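S.K.: The amino acid sequence is not available; the structure is as follows:
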Ligand SMILES: Cc1ncc(C[n+]2csc(CCOP(=O)(O)OP(=O)(O)O)c2C)c(N)n1
Ligand SMILES: Cc1ncc(C[n+]2csc(CCOP(=O)(O)OP(=O)(O)O)c2C)c(N)n1
Ligand code: SF4
Ligand code: SF4
Ligand SMILES: [Mg+2]
Ligand SMILES: [Mg+2]
């Protein structure tokens, strides 16, 4: 294991987000995580699209590509397929990955490419100066929706699960410890790992996540999902989550039998329970689960393809050009 | 109500699918449904992408556009917004709507445009002569995957639910009665109604749905979802579906308490139960639910936008060009 | 550069006269370029825009050039974080925001660093003295303090303690903490207003309205504004005022408008004139987003806007809306136009009316997103698979965008075709006084709307108008007109799918002919050539203003030169060949590497001279004049 | 059209001689065009391909043209359902599949209806007599039966009871029901093999292998094949055989290959020669899909294929793979190329090697998806936003595609640039004998791979090679070469983001220079001009074979004319200007409305004559010859 400090993952480029932007905290978390985990710098590739979040690669002293808007998952797919030994990371905003890039995202998830996907959800278009995004709450007044947005929002966790995700988690920019734990788990996961990071855009959508980060609000609203642990929350852990006919329901802990409280199983083969938990909130309005919703093993696209090549070579021998061009039959003219 | 016969919905264009293709049956179902329901022809618009399925509009004597590959939901969005009084239908294959068109599909669903979306799922690319599609089962040998596909497949119902669908159903090309009932319900639904139609491509993927259509197989595998009815199936109705910790499970009916059998609630506000039912099968391998998974009311995009215009006119009066160009202040030079 | 060789005022590099006003020297100038520069957080755009309004209402002619950093808020105090706003005001019909400022306001060292090189020798330099501390000097890369080390000795320097003044002014208004200093742009603005002899009324009214709901902020800004103004009056150190008289503009009612707004209004006008609802679908992208922001505010005109999931969806929705009977528009910038090609091609095949607006920026790829360029011309004219001709128009100035937008709508509707309308970042965000046209005299726009069957009791969707070759537009909802269109080749007349070889040739020819024929329905190129020049300077788009000004300069230097602009780039106006052949030399300045030049050569097989620049900035009049002089061998 | 004016054989429209072979008349011909036509379900492509193989192995030169209906299986018996396969075989180096067939096999009335007009007067017409029933005649739109009403009197008609013969032949092989008649294409094939004096061995071997696992089908097909052959031998009615001798081709080993396969092999070869893994990303689209189908079968060459969710993803994945060190290719057809523009622009900005294959088809929009056209040239050269120059190459025949693919890889790698390679539907599916090059003599391809820091201990990703101006390619995995690239304008040398005006101009110039300079690294245009002609016929892409044949025809008629083809369309070869100026007239035939013509005019400001055709079909040699004669005033 190589030994690094955070500065080893910093570049000489000035970080150019707005002062106070949540992106700074995430950058610090990622750099620290990589340094501490001793990830070899030269094996890391960051791919992004366009947006404030998407400038991330410029600040990571690893291999990186600042791509075009929405296409990072596709670009990263090519990177991972070419070299399955690399640690490939995708960074993008809610516009980048869910609006223009939505299709590439769900297909990368479905195929289970070995990618760690950091979705910086600030529920706004930052870089283009404040239009609503696919995660903006309905009614939001923005430059492109002065009378309030009439778009219903995606729930990124639900969407990822609907797209067959093998790993989905949610964390908060401000909670660096939590972020780090999730990064660790995602990094260890083989396959597409989607991390929705609630990220504060203090310029165009300040305090969007106050219910989860506010000193007073957070106790009532933050539901920590921990694999193997009962799902309980609240300032006094007075709330619990139970099953109610195919959906998850929040109840007073005192009102239910402790054995009825859901024990979170992130490894359940069936994604239904994870999906049900994701429906507890839509955007962080009221009690909202944080943590790993789902983490299961599935064949990893780039690895399987690599094996196919190896197997084909083993079975048929290394390709021979002469044999190839004569394979349809030949005749000779003398 | 106008009185029509099926022929009123037929065009003078020769229908050009392969003999035996499931598309014929669906066409007949749709034409009959429209004639019987007395839908005014001039108010109907069919929009499609490219593919075998997507040739549908040519055969419907209504307004229609055979679009470009994958873009039908986007095109239909413009139609619906311009005139919310129209009955707008989208037709496409699994490649058209889930591969290249996946993003437009999930965004149309999320916004809840008033569209009826017919997804002809034959689990193959028909028109381009037999490559695997996003719904093809892993391992499928096709022209582009001679050694078997290594793509994990989408479950279109799960994906639609993950994308916030207000109406999702599944039906079978061969079962015209069932198809008609679903068409009726979808047509009555306000908002995006997604119907996955299992459609047999007898040329490139024959018998893909044999487990649901085969004379012997179907009894064991077809789970009919009926709102308000317990979910039981099997030749002797000997099987039932129950909740098992956040997921749906198939059990012997005799082994469970009848009150534990799920009573299907298509109108449940929470999509979790519908999602769990969608996970019972992945592609029609083994017992597979058919019918309406979910049908709930949500604001309809095109209607809300239309109201916004009306309200703005009511509040501010019809727009006046002179007032507009002088709105930033003027000065006069004489 | 000046015709009469009178002594040149260093501030304007134009002839002027000086007088005094109570001890203060008053320079008279016919034009003046002022640049506000500061950190992105310093509110320079706001100050610039407010000054623009005051100047406009006073009656100056003007042109503006805002420049933003690419980042939303680059770190405070750094070079990339600098934001600026340039305005030229004049007492005559000027055309450009000016080449080099005579007055520069620099709110911090970074702003000074970036902009000082442009300030005219002897020009007025106003700095926010207190921002020149160690930290900021370091961030801007100054090794020593330019205020003290003699760097600025060639300028008329005014080091103003803006922070102290602002703090003092806003005391008691209720703002506190970091918010206090936010008002310092109003302080600077007040000072500049005084300097140019404008009063503060127009600005006060604006502040009162804008911050009506934020009492404290309103009062702080008003206080700072007055403090700045009074600083000018009372400070002996500030012994200079500049007078630019109202311009002698043609009589009429004027407003001050930027290109994106004018273009938006043109689209609204187009829809009204056609009696159709306007549908605008877009995915946000700099510098086109403001068209969406503008249009969404005008629902009472029947405008429906749609923020799509991407550019392809926006184009698709616009096409669907066109099919359903809207006047359909989709707007974007270069990367988005690259994405819309396939859908535009379908619009062309289905022959539906649609306007595609491309507000060009620096390319390729993401390029220089906040800078203007004219490098999407090829893409617009030739950038689709298959034979895909369509009309391409370009706006040449902010106010021209209004007219060109209407014209794009007219052609789209009359000929049932997608039309591409090119603007650019310079036009989009720059503003100029616009003499309002007579709204009642705007043309009626008509489309070949079908109201019933056109062949006995049948409706044939590709039975064309014999004059325009447009097919009829049958809008869903009308019984008897049910029909299908699509992207496969269509059979003539019936519109059915056809794989017939001869039909494909025929339809390809008809589509080409339909567009080529538009040359007979558009105005000829107008050449300004008072005295039979040998050299024609031909421009398109925003380059026009620099060309007109540059030609003016050259003429002032005694050179005979003609100029014209092309608004229609496809098809070219009918007299293009004649115009080109009337000059010994044709010079084509473009903010690209020669796209129109190549198009002219391809079409008319005649040589042209190209002047090219891709620096993310418009041509200056001087550059054009210099090039003319070079060609003329002077 | 014939040089020696000997009596022309109506079947070949070429000079020939007749002999007899046991009472059967044997026509000798130097070339022969045969067309198999039937319902899509009739297996005509299979019959054509088998005949092609037999002819190739016999030693004929040949060229083929398969034509498919757009539908997978249009309703049986209808005109749109007709599928055909044309082959020209010859005893000399022919170039095209021929203009009009001398032998037509029509399996049903619809096939006859569609193809009869092309059959030469007096040509051999073989029909499946029993398919000419009421129902089929009606579906094909015949009012009366052409077999009986005299319509066919001008031809050498053979009405064969193919169904009866087939049924009889396959009896006892175990196939039954509807499957029985499936073998009738083999019956027709057997008959044609007999007619041309080929034995059935090659075909038998193929059938045995292909249907090894389907014993009954195998036997049925073999039985039908022999029955057809024997029908020729035994039937008095069939009193004609045609002999086309082996061609006098240059010595060497030949294979028969279509363009998509040859192109795929060229890509594999390119990767091998560069020592890099090949990555091919594509979204299926006619007529490019077979490249994916071909490449996926060669994993043991280290080929990784990726069927993406759409064309944009395919381009994106290819770009990512290029960044990670693959020889990256993405293939598509016109609509897909329109979609890939934005990503290609990023490849250009990041200066990564990548090949984009466009197998052109009829446009615009979905157009004529199964037909060839050359109308994506503008899109390839000029169809991206911003200033986006890149190399564009075109293959001119199926076998040429191999070489051009290698060349595209070479340029991409050497100059670190995306390269567009144009093919078309005619090249893609048509086949010709290909003399295999010496695989050991293929060039080594090299890329500027970085192995360590290039500036002290720093790695500067935009520090260019001073000769090629290529930047170094640093592949992830190597410590010390960590670097970032992206779509914003890059600072020279460092590759950092830069908004500097002068830098943008510089980088724009460098990118343009790098591509323009490739003109010095590619072969000159070679002109075939034996006797100093005044007229040059200049072609690109698949038009070349018709041009060569057409020029041959014209020369046979005594006209002096030169011809050349351009493989490099951007940049043009260095000697283009000289070549163009060496001829009084230049004729440019294209399957578009004049795109190369316009490019030449734009670049060289010299007039050219265009011959254009967009009918979904290649030029015939006759069309080219006629055009030459017209220009020459003959
Ligand atoms: C093809 C294309 N379309 C549009 C844009 C403009 N654009 C850049 S970033 C962005 C969205 C930014 O929002 P998000 O992805 O949420 O990132 P954030 O800035 O909020 O971090 C848009 C619309 C672009 N660069 N390219
Ligand atoms: C932009 C573009 N890419 C690719 C194609 C080629 N194409 C046509 S249909 C199709 C997929 C067909 O599959 P599906 O949508 O499942 O429809 P089906 O034919 O099975 O009904 C493809 C890839 C195209 N027409 N346009
Ligand atoms: S605009 Fe918002 S998301 Fe972007 S850098 Fe600023 S605070 Fe961060
Ligand atoms: S290919 Fe398949 S889906 Fe297409 S028409 Fe034929 S049977 Fe139907
Ligand atoms: Mg965002
Ligand atoms: Mg399909």
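M.R.: Looks like it arrived, so ask away. All values reported here derive from a predicted model rather than from experimental measurement. Ligands and ions are numbered 1, 2, ... in the order given.
S.K.: And the pLDDT at residue 152?
M.R.: Let's take chain A. Residue A:152 is assigned 97 on the pLDDT scale.
S.K.: think we crossed wires, I meant chain C
M.R.: Per-residue pLDDT puts residue C:152 at 90.
S.K.: ok, now the one 3 residues further on?
M.R.: Here the pLDDT value assigned to residue C:155 is 89.
S.K.: how about the spatially closest residue to it that is not a sequence neighbour, secondary structure?
M.R.: Counting by C-beta to C-beta, 6 or more residues apart in numbering or on different chains, residue C:155 lies nearest to residue C:125, which is 4.3 Å off, once chain neighbours are set aside. C-beta coordinates here come from the backbone N, C-alpha and C atoms, glycine included. The local conformation at residue C:125, judged by DSSP: H, G, I helix; E, B strand; the rest coil, is strand.
S.K.: Residue C:125 contacts residue C:115, correct?
M.R.: No. Contact criterion C-beta atoms under 8 Å: residue C:125 and residue C:115 do not qualify, at 9.6 Å.
S.K.: got any residues that touch both of these two?
M.R.: Shared contacts of residue C:125 and residue C:115, defined by C-beta atoms under 8 Å, 6 or more residues apart in numbering or on different chains, comprise C:104, C:106.
S.K.: Now do the helices in the stretch 151-300 of chain A.
M.R.: A:156-162, A:176-188, A:210-213, A:217-221, A:272-278 (DSSP state H, counting those that start in this stretch).
S.K.: what residues are up against residue 277?
M.R.: Answering for chain A, as no chain was given. By C-beta under 8 Å, 6+ apart, residue A:277 lies in contact with A:225, A:231, A:241, A:248, A:262, A:264, A:289, A:293.
S.K.: ah, I was thinking of chain C
M.R.: B:82, C:271, C:302-304, C:325-327.
S.K.: excluding its backbone neighbours, what's nearest residue 30?
M.R.: Using chain A here. Residue A:30 sits nearest to residue A:183 (C-beta to C-beta, 6+ apart), 6.6 Å away.
S.K.: oops, I was thinking of chain C
M.R.: Counting by C-beta to C-beta, 6+ apart, residue C:30 lies nearest to residue C:91, which is 5.2 Å off, once chain neighbours are set aside.
S.K.: Who are the contact partners of that neighbour?
M.R.: Per C-beta under 8 Å, 6+ apart, neighbours of residue C:91: C:30-31, C:60-61, C:244-248.
S.K.: of the contacts of residue A:277, list those near chain C.
M.R.: Taking C-beta under 8 Å from any C-beta of the partner chain as the test, chain C is in contact with none of these.
S.K.: If you tally nearby residues, what's the number for residue 250?
M.R.: All of this refers to chain A. 18 (other C-beta atoms under 10 Å in any protein chain shown).
S.K.: that answer is for a different chain, and I need it for chain C
M.R.: Residue C:250 has 9 nearby residues by other C-beta under 10 Å.
S.K.: How is residue C:143 assigned, secondary-structure-wise?
M.R.: Criterion first, three-state DSSP; result for residue C:143: coil.
S.K.: Now do it against residue C:109, distance only.
M.R.: According to C-beta to C-beta, to the nearest Å, residue C:143 and residue C:109 sit 11 Å apart.
S.K.: Next, the residues that contact stretch A:210-219 from outside, please.
M.R.: By C-beta under 8 Å, 6+ apart, the residues outside stretch A:210-219 that reach it are A:172, A:174-175, A:198, A:200, A:207, A:221-222, A:234-235, A:284-286, A:288, A:290.
S.K.: What's the ChimeraX line that selects buried ones from the residues you listed?
M.R.: Selection of buried members from these for ChimeraX, criterion 16 or more other C-beta atoms under 10 Å in any protein chain shown:
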select /A:172,174,175,198,200,221,222,234,284,288,290
